[in-house]
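*Asks:* predicted model and sequence follow; I will ask about them next.
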Amino acid sequence: MTTTLATPPATTDPVFAERYRAIASRDRRFDGQFITAVSSTGIYCRPSCPARTPKPENVTFYLTSAAAHEAGYRACKRCLPEAVPGTPSWDLGHDLSARAMRLVADGVVDREGVDGLAARLGYSARHVHRVLVAELGAGPVALARALRAQTARALLTGTDLRLADVAFAAGFGSVRQFNDTINEVFDTTPGELRRRARPDRATSPGDPRRPPAAAPAGSAADDGGATAALDLTLPLREPFDARGVFAFLAARAVDGVEVVDLDGPLLSYARTLALPHGPGAFRATYGPPPGIRRRAPRFHVELELTSVADLPAAIARVRRLFDLDADPAAVDAALAADPALAASVRAVPGIRVPGAVDPAEILVRALVGQQISVAAARTHLSRLAVALGTAFASRFGPTRLFPTPAQLAAEGADHLRGPARRTAAVLGVAHALADGSLALSPADDPAAQRAALEAMPGVGPWTSGYVAMRVLHDPDVLLDGDLALRAGAAALGLPDDRRALAARAERWAPWRSYAAMHLWRASAPTPTPAKETP
């Protein structure tokens, strides 16, 4: 990664030429992947901005909006460059800057400061700052500030929260800081930004086109304890295999923790969340807006939060769970180049790899599911959740949180069923996670995470690979020992021998995790990570 993409004539720099062609064609596929700053106007835009294409000599490309802010540019009022999907590079890469960006997106800088971010990454604060400035054009404080501006814009344009509530929900320390940042970044006031982006505010309260109002931050709610209700539409890159990812989650939904509805025009998934400031819940739906015909489908999220300070973390986790920041054009193009996968890619464009809202939960799920079917694992996990999960009644349907490692370590032995080796493995990781001797994070170094997991008794390569796919959202994992995956390979005419399949899969890099979803789909009605092979 580099701070900027230099501005020589497009014919002499292939990277510049590619991005300049993207902005000249207003290609929406590149939105969120880079920022276009124009020196003649002093503004930065998303690649698909409808404004007149600037001259090449006036263009500088940045990897983040924070870098454009630091260079003195303001956001375009026409294209709202903050309202784009996230950068897929943070999943594709596992270097320090990519790992740091995942933590920044989760709100770590706001909660723990730069020192806390650096400690999680295992480096000094000075080194982290130096690397981020060198590679992304902005340090952690500037990146966190840009995230607050993006969150504030989403709340201003997508909710009816009072402006003061928006300020604190977005993570600003004061209303004055909020006003100053919005003015500096967007060259307008918060109220004017809302008025320009929300013509629907002129509709009557009963009009179905008007989004439901959000409860003010800090108000009492009737949802079992949450104090803030928020309503947002999240951007993503099309195509989006919504039914596939919702069905994947439905097949594994733990009773009480998750509620899924695949019937009707709207796909719906709801679950509880353990967030830094307290429990919460969300409901995600995908489909056309209710009451409005002939409209493109949208990904809509309703949130119940104990503290509005958890909004950035909640949004980041929802985005990762549904893989909203993926680059489906790149994935599909690479996989369709293999004749054996081409038909599956045509049938299921925009396939996604579901992520995780809680790393420890995914590890426990993977261990419980070893050597048994997905349905049997769901039964075991539901029993654990009912027995050990903390009650949290959400208006979306879920009634409890998934058990924490501490709860499993303390009482799991009385409720776990199955082979003694598997039970011991679950209890072992629960104790290690609870006492801190094992830590899991979306920002872990992949090699270090695998080594730490496989050092635990009962944790093998399948489990560590599955955790990498879902927790790190590593796009290039192929569980070649997985029986269902190999069955799907055979169904598509690919070799089902482990070594031969691994060799063939090299041509799918760096998207082998997405190829795995196609193979699992070919082996069953829904993608099913099967049992770990002995």
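*Replies:* Done, it's in. Numbers count the residues shown, from 1 in each chain.
*Asks:* skipping adjacent residues, who's closest to D414 in space?
*Replies:* Take D414 and drop its neighbours on the chain: the residue closest to it by CB to CB, 6 or more residues apart in numbering is A387, 7.9 Å away. In short, each C-beta sits where N, CA and C put it, glycine included.
*Asks:* pretty sure the one you found sits in a strand.
*Replies:* No. According to DSSP: H, G, I helix; E, B strand; the rest coil, A387 belongs to no strand; its state is helix.
*Asks:* wait, doesn't it sit right on H415?
*Replies:* Yes. With contact defined as CB atoms under 8 Å, A387 counts as touching H415 (4.7 Å).
*Asks:* residue ranges with poor pLDDT in this protein?
*Replies:* Filtered on pLDDT under 70, the chain yields the residue ranges 1-12, 90-93, 198-227, 291-294, 525-534.
*Asks:* try it again with 80
*Replies:* Along the chain, segments meeting pLDDT under 80 span 1-12, 29, 86-94, 158, 197-227, 264, 290-295, 524-534.
*Asks:* which residue is nearest the centroid of it?
*Replies:* R320 (1.9 Å; CA atoms, centre = their mean).
*Asks:* how about the secondary structure of that one?
*Replies:* Of the three states, R320 takes helix according to three-state DSSP.
*Asks:* what's near enough to touch it?
*Replies:* For R320, the contact set (CB atoms under 8 Å, 6 or more residues apart in numbering) comprises 355-357, 442, 473.
*Asks:* now L401
*Replies:* 257, 272-274, 279, 389-390, 392.
*Asks:* so how do I select the buried members of the residues you listed in PyMOL?
*Replies:* Those of the contacts of L401 that count as buried under 16 or more other CB atoms under 10 Å are selected in PyMOL with:
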select buried, resi 257+272+273+274+279+389+392
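*Asks:* want to throw the contacts of L401 into CSV with distance to F172 and secondary structure?
*Replies:* Formatted as CSV, those follow (distance: CB to CB, whole Å; DSSP: H, G, I helix; E, B strand; the rest coil):
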residue, distance to F172, secondary structure
V257, 32, coil
T272, 27, strand
L273, 23, strand
A274, 25, strand
P279, 24, strand
G389, 34, coil
T390, 30, coil
F392, 28, coil
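*Asks:* which of the contacts of L401 sits closest to G42?
*Replies:* Nearest to G42 out of the contacts of L401 is L273 (CB to CB; 40.0 Å).
*Asks:* before we move on, what SS does the closest residue to that closest one other than its chain neighbours have?
*Replies:* Counting by CB to CB, 6+ apart, L273 lies nearest to G280, which is 4.7 Å off, once chain neighbours are set aside. Classification of G280 by three-state DSSP places it in strand.
*Asks:* distance of G280 relative to L305?
*Replies:* Taken as CB to CB, to the nearest Å, the spacing of G280 relative to L305 amounts to 4 Å.
*Asks:* repeat for T272
*Replies:* The gap separating T272 from L305 is 11 Å, by CB to CB.
*Asks:* list the contacts of P50.
*Replies:* Counting by CB under 8 Å, 6+ apart, P50 touches 26, 78-79.
*Asks:* rebuild the residues you listed as a markdown table, extending it with secondary structure, distance to T41 and neighbour count.
*Replies:* Shown next, in a markdown table, are these (DSSP: H, G, I helix; E, B strand; the rest coil; distance: CB to CB, whole Å; neighbours: other CB atoms under 10 Å):
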| residue | secondary structure | distance to T41 | neighbour count |
| --- | --- | --- | --- |
| R26 | coil | 17 | 16 |
| R78 | coil | 11 | 13 |
| C79 | coil | 12 | 21 |
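*Asks:* and which of those residues is nearest to V368?
*Replies:* The closest of the contacts of P50 to V368 turns out to be C79 (CB to CB; 46.3 Å).
*Asks:* just give the closest residue to that closest one, not the sequence neighbours.
*Replies:* C49 (3.8 Å).
*Asks:* element containing that neighbour, please.
*Replies:* Using DSSP states H and E, C49 maps to neither a helix nor a strand.
*Asks:* distance-wise, check it relative to P239.
*Replies:* Per CB to CB, C49 is found 22 Å from P239.
*Asks:* neighbour count winner among those two?
*Replies:* Counting neighbours by other CB atoms under 10 Å for C49 and for P239 shows that C49 has the greater number, 21 against 13.
*Asks:* tell me which stretches of the stretch 101-250 of the chain form strands.
*Replies:* Secondary structure of the stretch 101-250 of the chain (DSSP state E, counting those that start in this stretch): strands at 228-234.
*Asks:* need the contact list for the residue nearest to L273.
*Replies:* Residues in contact with G280, defined by CB under 8 Å, 6+ apart, are 226, 272-273, 303-306, 310, 314.
*Asks:* can you name the element that comes right after the helix or strand A284 falls within?
*Replies:* Element membership for A284 (DSSP H and E) is strand 278-287. Using DSSP H and E, the helix or strand that follows strand 278-287 in sequence is strand 298-305.
*Asks:* other SSEs contacting that following strand?
*Replies:* The contact analysis (3 or more CB pairs under 8 Å, 6 or more residues apart in numbering; DSSP states H and E) places strand 298-305 against strand 228-234, strand 278-287, helix 311-321.
*Asks:* I'd guessed the residue nearest to C79 sits against L80; true?
*Replies:* No. Look at C49 against L80 with CB under 8 Å: they stay out of range, at 9.3 Å.
*Asks:* coming back round to it: farthest pair within the contacts of G280?
*Replies:* Farthest-apart pair in the contacts of G280 is T272 and D310; separation 12.8 Å (CB to CB).
*Asks:* ok, what's across the strand from the residue nearest to F246 when sequence neighbours are not counted?
*Replies:* Residue nearest to F246 in three dimensions, not counting chain neighbours: L267, with 4.4 Å by CB to CB, 6+ apart. Per DSSP bridges, the residues bridged to L267 are Y286.
*Asks:* ok, now how distant is L267 from G369?
*Replies:* Look at L267 and G369: by CB to CB, they are 24 Å apart.
*Asks:* same check, this time on F299
*Replies:* Taken as CB to CB, the span from F299 to G369 is 28 Å.
*Asks:* looking at these two, which is more packed in?
*Replies:* Each of F299 and G369 has its neighbours counted (other CB under 10 Å); G369 has more, 23 against 20.
*Asks:* can you tell me the closest non-neighbouring residue to the more buried one?
*Replies:* Counting by CB to CB, 6+ apart, G369 lies nearest to A377, which is 3.7 Å off, once chain neighbours are set aside.
*Asks:* any chance you could list what contacts the helix or strand hosting the one you found?
*Replies:* A377 belongs to helix 374-388 when assigned by DSSP H and E. The contact list for helix 374-388, computed with CB under 8 Å, 6+ apart, reads 251-257, 364-365, 368-369, 372, 400, 402-403, 407-408, 411-412, 414-418, 528-530.
*Asks:* and if you look at stretch 72-87?
*Replies:* 31-33, 35, 37-38, 42-46, 48-51, 63-65, 101, 105, 149-150, 153-154, 157, 184-188, 196-197, 235-237, 319, 324-325.
*Asks:* could you dump it to CSV, C-alpha only?
*Replies:* C-alpha atoms of stretch 72-87 as CSV (Å, rounded to 0.1, in the frame of the first residue of the first chain):
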residue,chain,number,x,y,z
GLY,A,72,-6.6,19.6,3.0
TYR,A,73,-9.5,18.3,0.9
ARG,A,74,-13.2,18.4,1.7
ALA,A,75,-15.8,15.8,0.8
CYS,A,76,-17.9,16.3,-2.3
LYS,A,77,-21.5,17.4,-1.4
ARG,A,78,-22.8,15.8,-4.6
CYS,A,79,-21.6,12.2,-4.4
LEU,A,80,-21.1,11.9,-0.5
PRO,A,81,-17.9,9.8,-0.7
GLU,A,82,-18.3,8.6,2.9
ALA,A,83,-21.5,6.7,1.9
VAL,A,84,-19.7,3.8,0.3
PRO,A,85,-18.8,0.2,1.2
GLY,A,86,-15.6,-0.4,3.0
THR,A,87,-12.3,-1.2,1.4
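*Asks:* and it, how far out from the chain middle?
*Replies:* From the chain centre to the centre of stretch 72-87 is a distance of 19 Å (CA atoms, centre = their mean, to the nearest Å).
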